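**Student:** Provide a 3D model corresponding to the input given below.
(chains A and B)
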Amino acid sequence: MHTPASMTMATFITLPIERMGSNNTFQNENCGSTPYPSAILPPMAAEQSDQDLMLRYRDGDAAAFEELYARHKGPLYRYLMRQCGHPANAEEIFQEVWIRVIRSRERYKPLAKFSTLLYQIARNCFIDQVRRQGRSAIDAAAAVEPDTLLAGDDPERAASLGESGRRLTAAIAALPHDQREAFLLKEEGGFALAEIADITGTGRETVKSRLRYAMRKLREALEEENHD
Amino acid sequence: MTDKPGNNDDWRDDTVSRAYGELKKAEPSADLDRKILAEAHRAVATEDKTVVRVHRWRKWSVPAALAATVVFAVPLVVRVFDNVDAPGQVPAIATTQTAETRDEPVPAAPAAGRIDANALMDPDTPPAGNGFAASPPPAEKTGESEALRYLASVPVAAAPVAGEGEDRDGIATYSRLNRLADEGPAPVEETMGISELRRFKPTAASREETATTEAPADAPVPATAAQLPEAPDSLKRESLAMEPGFEEIVVTGSRVSPEAELIEIARLHQRGRVRQARRQLGEFLVLHPGYELPDYFPLDAGDAIYPTDASGQRIVPEADDWLRGIAAMVERGDSDGARMQLAEFLERYPDHPLPDDFPLRRQDASIER
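**Tutor:** Now for the predicted structure:
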């Protein structure tokens, strides 16, 4: 059993960078092993709560999962929606991600932020879909209507969006995949550079560079709206 | 984790982030929420029993394996020791050790564990340094070999006697022989060797040999020609009468098939009575020249020690029988052996004509033995 004391200690453990495939990892069944972030995790109460919820769910508390799901379902869904470009594909991956979380709960150990693991699973599932469907899975994000990206399948919500929202959504969809991914992880997941680097398997400076390019393009899109 | 803002932090833009924040409205559908939550509840409802079962098994797997090992191993060890201590039960290693001190020492194998058959053709001329004179008395006479009594009483698939080097198939040989013995056409008395069924009339040499070898004290006195009419009808008399001094071979008891004789010889070999087996094989081949020994037979024809007459001359088969045997060897493809046999034949019967349909000619005889 994991006591709160042990959880606190675990949050200060420097986690290995390399991928781990042993049983004590939070392993994706079809997407490969989940890497732990090479970061010293701060003892943030919210993250501890995420881990605590997951531990409770691992021990059989379904209500803990409901709370955990409520916290992350929106950001994760939007991340996938803007990555995939199609609500149907996004929902399919979204469901698969949570199913994997459910099925691998017995191997969960609070060695990393739950959100990091969650988005790592999501990214792996998206990569699986790209492999299945080819490049079109990535290009679909640029071809989809902004309203769909903004509001999903809700027409009333789409109607309420302004022109700036449409421009920004279109600019996000037009970003190269790596830049879009870095931007969405930052904005939806709330991750820092190092965490994004861990999730995407790249360097911290690479992530910063991608974000810099992405921000510049999105800023230009917003400025064009003001000029118009 | 936070990234401190600095001069080179154009990778972040509050305007863009604020604008994007207003777009964070898309949510998964309620139907999708229900599916996922239902799956989560279902997994929790069914997980406990499975998990506990796996953990229990893993927890007890090692102790269970150890307990199973003890349960199976201890009775096995106890049974093995019980067999060793039980009367009449002799472990294979004891058999081997006893057999090495048997009455028939085995000449040193020249190569590859085989005995030089040519050197053994004359039983009275032991190979140099093979310790024939120093051989201990037969175990049957001393009564010290429990192993041999066990093997004599129970036709088991025993390990071949160490040091013989003639065994071809080891255990399989004796197993097959024992099986053949059980299915053989003519039963042979277990305690009787083939020499007790067919015995040479004692001569000076053979009497001396008999006194020093395996013949039991109460063996039947070899019948002479004069005594034969008094023998039962089942007695069969065969006279070779080929050499001066040798009178006859008398076969007592029921006539046994060649296969049964070979089985008996193999049993002698199995019991460690190698020299006796080789002698009996020589007698067998005199009566059945050219007989094809089975593959599983532990001796070769070259291992046979042929009987000799009073003058030390080897007793050979009758000419016609011998020629038939040589022809049979040619027919089954043993042309080399046939040529050597023909050379021996011509040496002993130099004037005997070869039949017209004989498969070999005189010049085919090979003197290489």
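**Student:** List the buried residues of stretch B:326-343.
**Tutor:** Using 16 or more other C-beta atoms under 10 Å in any protein chain shown as the test for burial, stretch B:326-343 gives B:326-330, B:334, B:337-343. Glycine gets a C-beta too; all of them are placed from N, C-alpha and C.
**Student:** and what of stretch B:298-315?
**Tutor:** By neighbour count on 16+ other C-beta under 10 Å, the buried set for stretch B:298-315 is B:298-309, B:314-315.
**Student:** picking that back up, reformat the buried residues of stretch B:326-343 as a markdown table; add distance to residue A:187.
**Tutor:** Listed next are those as a markdown table, based on distance: C-beta to C-beta, whole Å:
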| residue | distance to residue A:187 |
| --- | --- |
| B:326 | 104 |
| B:327 | 104 |
| B:328 | 100 |
| B:329 | 99 |
| B:330 | 100 |
| B:334 | 95 |
| B:337 | 97 |
| B:338 | 100 |
| B:339 | 101 |
| B:340 | 101 |
| B:341 | 103 |
| B:342 | 105 |
| B:343 | 106 |
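**Student:** biggest separation within the residues you listed, which pair?
**Tutor:** In these, two members sit farther apart than any others by C-beta to C-beta. They are B:328 and B:343, at 16.8 Å.
**Student:** quick one on the thing from earlier: quick check, nearest of the buried residues of stretch B:326-343 to chain A?
**Tutor:** Using C-beta to the nearest C-beta, residue B:334 comes nearest to chain A of the buried residues of stretch B:326-343, at 66.5 Å.
**Student:** these two touch, right, residue B:36 and residue A:70?
**Tutor:** No. Counting by C-beta atoms under 8 Å, residue B:36 stays clear of residue A:70, with 11.0 Å between them.
**Student:** Among these two, which residue is more densely surrounded?
**Tutor:** Remark: of residue B:36 and residue A:70, residue B:36 carries more neighbours, 22 against 11, as counted by other C-beta atoms under 10 Å in any protein chain shown.
**Student:** residue contacts, the more buried one?
**Tutor:** Counting by C-beta atoms under 8 Å, 6 or more residues apart in numbering or on different chains, residue B:36 makes contact with A:69, A:95, A:98-99, A:102.
**Student:** cutoff 10 Å now
**Tutor:** Counting by C-beta atoms under 10 Å, 6 or more residues apart in numbering or on different chains, residue B:36 makes contact with A:65-66, A:69, A:73, A:94-95, A:97-99, A:101-102, B:28.
**Student:** Inside helices: which ones of the residues you listed?
**Tutor:** Of the positions in the contacts of residue B:36, A:65-66, A:69, A:73, A:94-95, A:97-99, A:101-102 sit in helices, assigned by DSSP state H.
**Student:** out of these, which touch chain B?
**Tutor:** Filtering those for neighbours of chain B using C-beta under 10 Å from any C-beta of the partner chain leaves A:65-66, A:69, A:73, A:94-95, A:97-99, A:101-102.
**Student:** Mind putting those residues into CSV with pLDDT and distance to residue B:63?
**Tutor:** Shown next, in CSV, are those (pLDDT from 0 to 100; distance: C-beta to C-beta, whole Å):
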residue, pLDDT, distance to residue B:63
A:65, 92, 36
A:66, 91, 40
A:69, 94, 41
A:73, 92, 46
A:94, 93, 45
A:95, 93, 43
A:97, 94, 40
A:98, 94, 39
A:99, 93, 36
A:101, 92, 35
A:102, 92, 33
